[in-house]
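A.B. asks: Pasted the sequence and its predicted model underneath.
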Amino acid sequence: MPRIARITYPQGFYHIYNRGLNKEPIFQETRDYLRLLHTLSELVQFNEWTIYAYCLMPNHYHLLVEEKQVPIAKLVNRLFTSYSQFYNRKYDRVGPLFQDRFKSKIIQKDTYFLEVSRYIHCNPVKAGLAASPESYPYSSMGEYLGIRSPSIIKLERVEKLLENTTFGMVKYRQFVNAGVTMNLEEFDPFLSKKDVFGSTVFNTHRKIKIRKKRLL
């Protein structure tokens with residue numbers, strides 16, 4: 001039985017995610033995380049995609065990505081094919097590293113960016129890996145706040161988006177920290193059955209396109 005076509009639309013805004021095969025680790029030490037982040041920083045220099053948020057967890061990852069002219073599948077394939085080869089060589093293993101192909105949710109950028117990025121940045125704290133979102137070294141929160149020099153995030157685009165939602169960076173930090181004690185499962189892509197996060201009009205328009213895509 002053929003697989004359903006991936007849900008996409010031209011120049012879309014996506015929450016990209018996946019986990020290790022059988023929920024096993026995909027990162028075991030600092031150099032593993034740094035290797036993937038270095039590759040990602042090189043790929044985004046081509047300006048074919050814009051990364052708005054990211055978080056690498058021991059057995060899964062999250063990317064909030066805006067597509068330009070090149071499909072996001074090419075970004076993900078280049079990034080994780082390279083990383084999988086590195087990981088398999090390093091740990092003397094064979095076979096796929098990830099659970100099937102990557103997964104994606106369509107996000108309405110101007111209305112759902114805040115909620116989805118907060119979910120991504122709160123992940124390490126809720127998993128007991130960090131005391132605060134900004135203290136986790138493998139997420140974009142440090143780049144947002146200037147703790148680490150931007151190498152992956154286009155900070156000026158994030159700031160513009162925050163201004164459009166009446167948030168500045170200080171207020172955004174408060175917003176994210178407030179999420180640490182909140183139930184954010186609605187935005188957990190592994191749990192949510194939604195394909196699209198957006199307004200009613202946005203959802204209706206995208207669902208029509210999704211149905212047409214699946215019938216091809």
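C.D. replies: Good, I have the coordinates.
A.B. asks: C-alpha only now, for contacts and for neighbours.
C.D. replies: Will do.
A.B. asks: so where is this structure shaky, pLDDT-wise?
C.D. replies: 1-8, 199-216 (pLDDT under 70).
A.B. asks: Pick out the residue nearest the middle of it.
C.D. replies: Nearest to the mean C-alpha position of the chain, counting by C-alpha atoms, centre = their mean, stands residue 63 at 1.4 Å.
A.B. asks: Just confirm it contacts residue 16, I think it does.
C.D. replies: Yes - the criterion here is C-alpha atoms under 8 Å, and residue 63 meets it with residue 16 at 5.0 Å.
A.B. asks: just the strands in this structure please.
C.D. replies: Listed in chain order, the strands found in the chain under DSSP state E are 13-19, 49-57, 60-67, 103-107, 196-197.
A.B. asks: now those in JSON lines, with distance to residue 179?
C.D. replies: Listed next are the strands of the chain as JSON lines, based on distance: least, C-alpha to C-alpha, whole Å:
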{"stretch": "strand 13-19", "distance to residue 179": "18"}
{"stretch": "strand 49-57", "distance to residue 179": "16"}
{"stretch": "strand 60-67", "distance to residue 179": "17"}
{"stretch": "strand 103-107", "distance to residue 179": "19"}
{"stretch": "strand 196-197", "distance to residue 179": "18"}
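A.B. asks: between the ones you listed, which one is nearest to residue 168?
C.D. replies: strand 49-57 (15.1 Å; C-alpha to C-alpha).
A.B. asks: I would like the residues contacting the closest one, please.
C.D. replies: 27, 33, 44, 61-68, 70, 72, 75, 117, 120-121, 123-124, 138-141, 152-154, 157-158 (C-alpha atoms under 8 Å, 6 or more residues apart in numbering).
A.B. asks: Now, of these, which are buried?
C.D. replies: 27, 33, 44, 61-67, 72, 75, 117, 120-121, 123-124, 138-141, 152-154, 158 (16 or more other C-alpha atoms under 10 Å).
A.B. asks: In helices, which of those fall?
C.D. replies: Using DSSP state H to define helices, the subset of those located there is 33, 72, 75, 117, 120, 121, 123, 124, 141, 158.
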